[in-house]
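1. What follows is a predicted structure for the sequence shown.
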Amino acid sequence: MANDKLVVAGRAYDSRLLVGTGKYRDFDETRRAIEASGAQIVTVAIRRTNIGQNANEPSLLEVLPPTRYTILPNTAGCYTAQDAVRTLRLARELLDGHALVKLEVLGDAQTLFPNMPETLAAAKTLVAEGFQVMAYCSDDPILARQLEELGCVAVMPLASLIGSGMGILNPWNLQIIIDRVKVPVLVDAGIGTASDAAIAMELGCDGVLMNTAIAKAKDPVRMARAMKLAVEAGREAWLAGRMAKKPYEASPSSPEAGLIQKSA
Amino acid sequence: MSAPIHVTVNGAPRELPATLTFSQLLEALALGGRRIAVERNGEIVPRSRLAEARVADGDRIEVVVAVGGG
């Protein structure tokens, strides 16, 4: 749909699929998978440079140029608000003043579940410093609302644990968030396969962010294309408005008039 | 010649000439011309200041890049 755009922080995107850039075999596979996904917003992590190694190796931002993609630096691996803010200040310097960021503050190394008190604290500081914050969060509708009230430009509840591929475990909570929050709601984390992405979009999500489901598929480029189609299909189904579920009422699709058995 | 200074770059100790600017440090680390961001003692050193700002004894310096991540 040419006029159905995802609008985040005042900028419109044709694609509602956002992808991470981790866990690929090499930069060539990264580039091909991301092209196949049709994603326009791609997440990257911020890490120390390898000093004295691979001085001539291309960098990720040469493979995924910021002129072509909206680069979304994240705070993956941060466990405190302070570390997340520090990381994103570096990201803003790295990306020439770029303000759109993905905030994630983790609470636990086993589950990678978000630490929401720290996420809220970081969001408050970042918004005050002019960042446009897309916040990874738990699927608690009250906390999602609080992130919105703090000025986050999008809330991104998990479908299930990061990298788990377990799909959407609590569609009801996601539905409440979608109904109650005005900024875009993107499902982030837990998508395993194309149907999961389609279900997220059928719930009325504004977009889906994933990494492992594509990168760890047997054929990442093909799965990237599957995810693109699934997000588009789910969005179209949501816009179309599904038929009502009628558990106790069958209804034939063919006319009952003119059946040959009924002829006298 | 002034005495050498001791700094930490990305967690590793290094001995440097006291007169070094950040730009010279990055050249010495083979990071000249790369898209990086620099932090000193928790504060950003803006790209516009790298050529003039000098490394000081005891500085904790971080040099970061964008890498694949989700």
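-> Cool, got the structure.
2. Dihedrals phi and psi, residue B:60?
-> The phi/psi pair for residue B:60 (degrees, to the nearest 10) reads phi -110, psi 110.
3. Around it, how many other residues sit close by?
-> 13 (other C-beta atoms under 10 Å in any protein chain shown). All C-beta spots, glycine's among them, are computed from the backbone N, C-alpha and C.
4. what's the answer for residue B:67, then?
-> Residue B:67 has 18 neighbouring residues, counting by other C-beta under 10 Å.
5. Just the element for residue A:34, please.
-> helix A:27-37 (DSSP states H and E).
6. Buried residues, whichever helix or strand comes after that helix. List them.
-> Counting by DSSP H and E, the next helix or strand C-terminal to helix A:27-37 is strand A:41-48. Buried residues in strand A:41-48, counted by 16 or more other C-beta atoms under 10 Å in any protein chain shown: A:41-47.
7. I figured residue A:100 hits residue A:152, correct?
-> No: taking contacts as C-beta atoms under 8 Å, residue A:100 lies outside contact range of residue A:152: 11.3 Å.
8. Which one of these two is surrounded by more residues?
-> Ranked by neighbour count (other C-beta under 10 Å), residue A:100 and residue A:152 place residue A:152 first, with 28 against 20.
9. so the more buried one sits right up against residue A:124, yeah?
-> No: using C-beta under 8 Å, residue A:152 makes no contact with residue A:124, being 9.8 Å away.
10. quick one: the helices in chain A?
-> Ranges of helices in chain A, per DSSP state H, are A:27-37, A:60-63, A:81-94, A:116-128, A:141-150, A:171-180, A:194-202, A:212-215, A:220-240.
11. tell me, how many neighbours does residue 57 end up with?
-> Here I'm looking at chain A. For residue A:57, using other C-beta under 10 Å, the count is 9.
12. other chain: chain B
-> Number of residues near residue B:57 (other C-beta under 10 Å) recorded here: 11.
13. Now do the contacts for it.
-> Taking C-beta atoms under 8 Å, 6 or more residues apart in numbering or on different chains as the contact definition, residue B:57 lies against B:5-7, B:18.
14. Then residue A:155?
-> A:134-135, A:137, A:144, A:147-148, A:177, A:181, A:183-186.
15. May I have the helix holding residue A:34 exported as CSV, CA atoms only?
-> Provided in CSV are the C-alpha atoms of helix A:27-37 (Å, rounded to 0.1, in the frame of the first residue of the first chain):
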residue,chain,number,x,y,z
PHE,A,27,29.2,-9.0,5.9
ASP,A,28,28.2,-10.4,2.5
GLU,A,29,25.5,-12.5,4.0
THR,A,30,24.5,-9.6,6.2
ARG,A,31,24.1,-7.3,3.2
ARG,A,32,22.2,-9.9,1.1
ALA,A,33,19.8,-10.8,3.9
ILE,A,34,19.1,-7.2,4.7
GLU,A,35,18.5,-6.4,1.0
ALA,A,36,16.1,-9.3,0.8
SER,A,37,14.2,-8.2,3.9
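16. quick one: that helix to chain centroid distance?
-> Between the centre of helix A:27-37 and the centre of its chain there are 17 Å (C-alpha atoms, centre = their mean, to the nearest Å).
17. Pull the number of nearby residues for the residue lying closest to residue B:59 once chain neighbours are set aside.
-> Nearest non-adjacent residue to residue B:59, counting by C-beta to C-beta, 6 or more residues apart in numbering or on different chains: residue B:7, 4.5 Å away. Number of residues near residue B:7 (other C-beta under 10 Å) recorded here: 20.
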